[in-house]
Every structure is written in C-alpha cells, then in structure tokens.
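**Q** Output the structure for:
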Amino acid sequence: MLSIQCGLPREVAWHGQTVTTSIFKQPVHGRIALRTLNLDGDRQSDLTVHGGRHKAVYCYPTEHYAYWAAEMPGRTLENGAFGENFTTEGLLEDSVHIGDRFAVGSAEVIVSQPRMPCYKLGIKFESGDMVRRFLASGRSGFYLAVAREGEVAASDDFRLVDREPQAVSVSEITHLYLAEEYDADDIDRVRRALTLNALPASWKVYLEEKVSRQEA
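**A** Model prediction:
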C-alpha cells in the first residue's frame, strides 16, 4: 500500500445546488484504526449508496494514475484523487478476486465488489462525463469489507490469506454488471459469482435478473 486517505462530509456547490460529499480525501499518517464500517477519521455522506459493511474501504491502484494523467493533461493527480481510502500497488482488477481475504496491518479485509461511481465523481473532477469515462476505462478499483478490525498504516503490505474456489475477478464482475448481453462464458461466470459469500446480495439479484431476462 502506498498511502491512506480519509475524509469527512463537506458541502460543495454543483449546478446551482448544495451537495454533501466525502469524496475529498486527505492523507493520514501513522497507524489508524480500521473498523467494521470505515477508518477512523473517515465517514460516508449518503449511506443509501455509499458505505455499509460491504463498502467500508475503497481501494484504487496507483497503476491507473498514469492512464488518467494522459487522459487529463495539466491536472495534478495526487493519491486519493479518486476518493480512495487506500492507494494500492500490485493489486489490479484482473488479478484481485471477489472474496479474496487479505491481511493488512493487524486487520483482515475481504474484497466485496467493484466501484460503480455516482455523479459525485463528476463533482470531484468538475466534469459531467467523468462517470462515463471512468466506467469505460475499466479501472474501477474495489471495495473491502472488514473481517477483523485492527490498525493499518500506509507502509503495510496486503498479504493474501484465502481465495474462494469459484473466484471471479473484479474486472469480470464489472464486465457482467455492464454487459448488455451474456455469452456462455458470461453465464458461467454469473453462476460462479452467485456462490461467492463476499458478493453482496444486491449484486446477486441484479446478475440473476439479467440472466433470467436473457434466457426468457
């Protein structure tokens, strides 16, 4: 891990309205408590779409920053620019799987789902099409649930502890979410995904409904 960022809700102006968001993160130093719902000093603003046990921490790979620097020349992109709590290294979406359990510091975390951004990502980048660009890039990052509370620091490594037998990668789940139609391999991936304890029930319902509509 390269850095840790936290943020509390703040009000910002967007298209003539006042919006409350926690996407603006600041770096924190030293060891910090990681609890079931978030890091100490971090809090989600709209719990209807953010936060909860399955979205306690958001991770974004540092490897993606070069892509975005090329996409947005002239913009300074520091760690935490995408609202992530953990800026990671070596944990890409095609190699990280739903249900992967990692030890980090004295805590243990489980990969739960990719990020499907809301309009507040556009607020952060002052761009109405940022959500579309983010999804099209395939560079989603991923959320963690906390299996064991503990303390973490930016110097801590992620150590893989366990992987579910029917593991589906973060990038595969993102594809299944966004694809308009499924081929046979996709349907097989959905069947595997439905067996994963770490995948939230809302995702399973969504994927099941997509398969049912196509089979009908």
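**Q** only C-alpha atoms for contact and neighbour calcs from this point on.
**A** Noted.
**Q** Could you tell me the phi and psi values at the residue minimising distance to the centre of the chain?
**A** Central residue check for the chain by CA atoms, centre = their mean: the C-alpha nearest the mean position is that of residue 142, 2.7 Å away. Reported as degrees, to the nearest 10, the phi and psi values for residue 142 are phi -160, psi 160.
**Q** wait, what's in contact with it?
**A** Residue 142 makes contact with 58, 59, 60, 93, 111, 112, 113, 114, 115, 170, according to CA atoms under 8 Å, 6 or more residues apart in numbering.
**Q** so residue 169 bridges to which residues?
**A** residue 97 (DSSP bridges).
**Q** what ranges do the strands span in the chain?
**A** 3-6, 10-14, 17-21, 26-28, 32-34, 57-61, 86-88, 101-104, 107-114, 142-148, 150-152, 159-162 (DSSP state E).
**Q** Quick check: mean pLDDT of the last one?
**A** Taken as a whole, strand 159-162 carries a mean pLDDT of 98.
**Q** Remind me what that strand packs against, helices and strands.
**A** Counting contacts by 3 or more CA pairs under 8 Å, 6 or more residues apart in numbering; DSSP states H and E, strand 159-162 is packed against strand 101-104.
**Q** CA atoms of the strand it packs on as CSV?
**A** Backbone C-alpha positions of strand 101-104 (Å, rounded to 0.1, in the frame of the first residue of the first chain) are rendered in CSV as follows:
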residue,chain,number,x,y,z
ARG,A,101,-9.2,-12.2,2.0
PHE,A,102,-6.1,-10.1,2.8
ALA,A,103,-4.2,-9.4,6.0
VAL,A,104,-3.1,-5.8,6.2
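**Q** by contact count, what packs against that strand?
**A** Using 3+ CA pairs under 8 Å, 6+ apart, the elements in contact with strand 101-104 are strand 107-114, strand 159-162.
**Q** Describe which strands the first one pairs with in its sheet and in which direction.
**A** With DSSP bridges as the test, strand 107-114 is paired with strand 101-104 (antiparallel), strand 142-148 (antiparallel).
**Q** Let me have the ones you listed in CSV, extended by distance to residue 181 and mean pLDDT.
**A** Shown next, in CSV, are the strands paired with strand 107-114 (distance: least, CA to CA, whole Å; pLDDT from 0 to 100):
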stretch, distance to residue 181, mean pLDDT
strand 101-104, 30, 98
strand 142-148, 23, 98
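**Q** returning to that earlier point: which of the helices and strands packed on strand 101-104 sits most buried?
**A** Mean neighbours per residue, mean count of other CA atoms under 10 Å, is largest over the helices and strands packed on strand 101-104 for strand 107-114, with a mean of 24.
**Q** Could you check the angle that strand makes with strand 57-61?
**A** Calculated by axes from the mean of the first three to the mean of the last three CA atoms, to 10 degrees, strand 107-114 forms an angle of 70 degrees with strand 57-61.
**Q** chain center to strand 107-114, what's the gap?
**A** 9 Å (CA atoms, centre = their mean, to the nearest Å).
**Q** Also stretch 41-59?
**A** On CA atoms, centre = their mean, the centre of stretch 41-59 falls 10 Å from that of its chain.
**Q** just to revisit the earlier point, quickly name whichever of the contacts of residue 142 is closest to residue 184.
**A** Proximity of the contacts of residue 142 to residue 184 (CA to CA) peaks at residue 170, which lies at 18.9 Å.
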